[in-house]
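1. I'd like to go over a predicted model; first the sequence, then the structure.
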Amino acid sequence: MRNKEVAEKFYELAKMAELAGDNPFKVRAYLEAARRIENLTVPIEELATEDKLTQINGIGTSIAEKIKQYLREGKIDKLEELKKKIPETLLEIEKIPGMGAKRAKVLYEKLGIKTINDLKHAAERGLIRTLPGFGEKTEKKILEGLNSMKDKTVDRVLLGIALPLAEGITEKLRKNSPVKKILICGSIRRMRETIGDIDILVTSEKPEKVMDAFVKLPEVKEILVKGDTKTSILTFENLQVDLRVVEPDSFGAAIQYFTGSRQHNIHLRELAIKKGLKINEYGVFDLGTNKKIAGETEESVYEALGLQWIPPEMREDRGEIELAEKHELPELVELSDIKGDLHMHTVYSDGINTIEEMANEAMKMGYQYIVISDHAKALGIANGLSIERYKEQKKKIEELNKKLKPFKIFLGAELNILSDGSLDFPDKELGIFDICLAGIHTAMNQSEEKITERIKKAVSNKYVKIIVHPTGRILNGRQNYNVNVDALFNEAKKYGKVFEINSSPERLDLSDLNAKKAKEQYGLKLSIDTDAHSVDSLLNIRYGVGVARRAWLTKEDIINTMDLNEFEKFLKRSKK
DNA sequence: GCCGTTTTCGGCCCGACTGTTTTCAGTCG
């Protein structure tokens, strides 16, 4: 599947066209096309061969031709032409805060500036301020921007870091300042896997007191801006937090606006215009009379546009607005639907808590069952278990099950898919497990063909039910290994196998788009598991549920929403 | 370059902020 690759090309094309000063609407069309391609769950090659590209909203004959040319020849004529006209290195200059395409173009045309280095020299010699539309301050800002760019390493942090941080802040504000309503918005509310900055919205009768309390929080490393309606601070993680105070009758419109996504909001505003309305962060207004018709609650904003309220996790302009118009939004899976966790480790392998401790925490969370799935022997580094050790574990579990009834613990294993696709143990040994999970932990550098074949072999194994962290990615860490997920999903469909959404914040694997594809294109079931190595990390389940909701999954799509009774029947069925 | 229960031509999201300007362009989210 080459969707990502093709989308990247169109992002590049949009950037270059913008630098070249092309019609802004043409630039927008390229951007829109890139986004649409990125969000597809079917391979773009398929649509190209079947001549269905123009069925995608935002892709017409001209862009369709460019896609076909790229797939065929690995290049797009238009992009090659642009590169002859404009040096690609100008894209670097655009990354400096305050520098956009227009200014980059002026710098190139008037001073011949092509690279960051050229720019630095020109700014240091005071040449920038002589340009039309530039001044002393802009020149200074450029130099500052060049310096700050250097110490910026990672620009997005994991949801698993940002969400607890934001919750800590809102909790303290709620206790220590006169806030009425308070809500975390932005990409956190949409449960995106990584977060650029934190947006918190409040209503209050004494905004200045809220702002004072905010800047005095222990999380604050630096105050960036402090005003009556907006204050921004930097935390010690170098994460920017914006706190905004809004009027109570605009709270709904404001949280809608600041939750985004940008594309979702643009689409909503276009829809509003068609209906003779205007929408902004203050409310929904009648274009004719300029009278406000909604804004106090988020529901009222969507309703004014004739839409169902859309869950934040769906707000990416991937077709959710069209569904909301028809009142056909899916009922997304919820945290409270999860009845058990199927993937966790204990002191038997590399976990830090005992089976009983894990079970107790799970019961506290309201679960009806768990699967203990410690590592198997091939993963020596994680103290992987031999069959004998699993048999000991089985005895222990049987004892606990008597004690903890009606709660139930199942014996599982996280088997290793070895470099040739075989597992830690021969099939005849696997009968002792209630359920087998399998995943790749070694030899991740193999070719796509090899890795795909390896996992396919595990999928077809009679005893393996769930493939864990299927693409192996580590967010802000390592790339996923090369694997053809379509081939895996196809194989899983044949054998009725399940793929995991791993809730560990640095994995979230499958990703939202892959999980969406698994359901929509292959009709697969998924599991949402934590891969917990301690009682605390069992709580990570909410991140996995977030991914599932972003993938538009319902309760029925997730196997561990079954109650204990159904789940036992499910295990029996799959053993046949 | 795309798109159409007001359009096949003439539109194409909204507001805040900054710095450069005497009314606005560029950038950002």
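-> Cool, the structure landed. Numbering: from 1, shown residues only, chains lettered A, B, ... in the order given.

2. Return the distance of A:His533 relative to A:Ala162.
-> A:His533 sits 22 Å away from A:Ala162, going by Cβ to Cβ, to the nearest Å. Bear in mind the C-beta positions are built from the backbone N, C-alpha and C, glycine included.

3. Which one of the two is surrounded by more residues?
-> Counted by other Cβ atoms under 10 Å, A:His533 and A:Ala162 do not tie: A:Ala162 has more neighbours, with 26 against 20.

4. Nearest spatial neighbour of the more buried one, chain-adjacent residues omitted?
-> A:Ile195 (3.9 Å; Cβ to Cβ, 6 or more residues apart in numbering).

5. wait, what's in contact with that neighbour?
-> A:156-159, A:162-163, A:186-188, A:239 (Cβ atoms under 8 Å, 6 or more residues apart in numbering).

6. beta partners for it?
-> A:Val157 (DSSP bridges).

7. What separation do you get for it and A:Leu165?
-> According to Cβ to Cβ, A:Ile195 and A:Leu165 sit 9 Å apart.

8. quick one: common contacting residues for the two?
-> Common contacts of A:Ile195 and A:Leu165 (Cβ under 8 Å, 6+ apart): A:Leu239.

9. if we can go back for a sec, quick check, nearest of the contacts of A:Ile195 to A:Lys52?
-> For these, the closest approach to A:Lys52 (Cβ to Cβ) belongs to A:Ser187, at 31.7 Å.

10. Now the closest one: phi and psi?
-> phi -70, psi -20 (degrees, to the nearest 10).

11. List the residues that contact it.
-> A:194-196, A:260-261.

12. Give me the neighbour count for A:Glu299.
-> When counting by other Cβ under 10 Å, one arrives at 14 neighbours for A:Glu299.

13. Could you list every helix and strand that the particular helix or strand that has it in it packs against?
-> In the assignment (DSSP states H and E), A:Glu299 maps to helix A:298-304. On a contact count with 3 or more Cβ pairs under 8 Å, 6 or more residues apart in numbering; DSSP states H and E, helix A:298-304 meets helix A:251-259, strand A:283-286, strand A:292-294.

14. Pipe these into JSON lines and attach distance to DNA strand B and mean neighbour count per row.
-> Formatted as JSON lines, the helices and strands packed on helix A:298-304 follow (distance: least, Cβ to the nearest atom of the strand, whole Å; neighbours: other Cβ atoms under 10 Å):
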{"stretch": "helix A:251-259", "distance to DNA strand B": "8", "mean neighbour count": "24"}
{"stretch": "strand A:283-286", "distance to DNA strand B": "8", "mean neighbour count": "21"}
{"stretch": "strand A:292-294", "distance to DNA strand B": "11", "mean neighbour count": "18"}
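
15. possible to save the ones you listed as a markdown table with mean pLDDT?
-> Shown next, in a markdown table, are the helices and strands packed on helix A:298-304 (pLDDT from 0 to 100):
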| stretch | mean pLDDT |
| --- | --- |
| helix A:251-259 | 95 |
| strand A:283-286 | 93 |
| strand A:292-294 | 93 |
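
16. Now tabulate the ones you listed in TSV and tack on distance to A:Asn560.
-> Putting the helices and strands packed on helix A:298-304 into TSV (distance: least, Cβ to Cβ, whole Å) gives the following:
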stretch	distance to A:Asn560
helix A:251-259	28
strand A:283-286	40
strand A:292-294	39
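
17. how about these, which one is nearest A:Ser373?
-> Using Cβ to Cβ, the helices and strands packed on helix A:298-304 put helix A:251-259 closest to A:Ser373, at 35.9 Å.

18. what does the closest one rub up against?
-> Residues contacting helix A:251-259 (Cβ under 8 Å, 6+ apart): A:181, A:183, A:185-186, A:189-190, A:199, A:201, A:203, A:244, A:246, A:265, A:279-284, A:294-302, A:312, A:315.

19. try stretch A:203-215
-> A:169, A:172-173, A:176-181, A:202, A:220, A:223, A:226-229, A:231, A:233, A:243, A:245-248, A:251.

20. so A:Leu165 is in which element?
-> helix A:159-176.

21. Can you tell me the SS state at the residue in the stretch 301-450 of chain A that DNA strand B sits nearest to?
-> Residue nearest to DNA strand B within the stretch 301-450 of chain A (Cβ to the nearest atom of the strand): A:Glu322, separated by 11.0 Å. The three-state label given to A:Glu322 by DSSP: H, G, I helix; E, B strand; the rest coil is helix.

22. and it, how many neighbours does it have?
-> Neighbours of A:Glu322 under the rule other Cβ under 10 Å: 14.

23. Give me the pLDDT for it.
-> Turning to A:Glu322, the model gives it a pLDDT of 93.

24. same thing with A:Lys150?
-> At A:Lys150, pLDDT is 56.

25. just A:Ile200 next, same as before
-> 95.

26. distance of the residue nearest to it when sequence neighbours are not counted from A:Pro164?
-> What sits nearest to A:Ile200 in space, not counting adjacent residues and going by Cβ to Cβ, 6+ apart, is A:Leu243, at 5.0 Å. Separation of A:Leu243 from A:Pro164 (Cβ to Cβ): 17 Å.

27. Looking at these two, which is more packed in?
-> Neighbours per residue, other Cβ under 10 Å: of A:Leu243 and A:Pro164, the larger number sits with A:Leu243, 27 against 12.

28. quick one: contacts of stretch A:234-243?
-> Stretch A:234-243 is contacted from outside by A:157, A:161-162, A:165-166, A:169, A:173, A:195, A:197-202, A:210-211, A:214, A:219-224, A:230-233, using Cβ under 8 Å, 6+ apart.

29. what do you get for stretch A:488-497?
-> For stretch A:488-497, using Cβ under 8 Å, 6+ apart, the contacting residues are A:452, A:455-456, A:459-460, A:464-467, A:470, A:498-499, A:517-518, A:521-524, A:574.

30. Now, of these, which are buried?
-> Buried by 16 or more other Cβ atoms under 10 Å: A:452, A:455-456, A:459, A:464-467, A:470, A:498-499, A:517-518, A:522, A:524, A:574, out of these.

31. Check A:Leu91 and give its pLDDT.
-> What the model reports for A:Leu91 is a pLDDT of 91.

32. Ok, A:Lys576 next?
-> Value listed for A:Lys576 in the pLDDT field: 64.

33. For A:Phe134, see how far away the residue of the stretch 301-450 of chain A closest to DNA strand B is.
-> A:Glu322 is 44 Å from A:Phe134, by Cβ to Cβ.

34. what do you get for A:Asn490?
-> On the measure of Cβ to Cβ, A:Asn490 and A:Phe134 end up 56 Å apart.

35. which of the two has more neighbours?
-> Applying other Cβ under 10 Å to A:Asn490 and A:Phe134 shows that A:Phe134 carries more neighbours, namely 19 against 15.

36. can I assume the more buried one sits in a helix?
-> No. Counting by three-state DSSP, A:Phe134 falls outside a helix, being coil.
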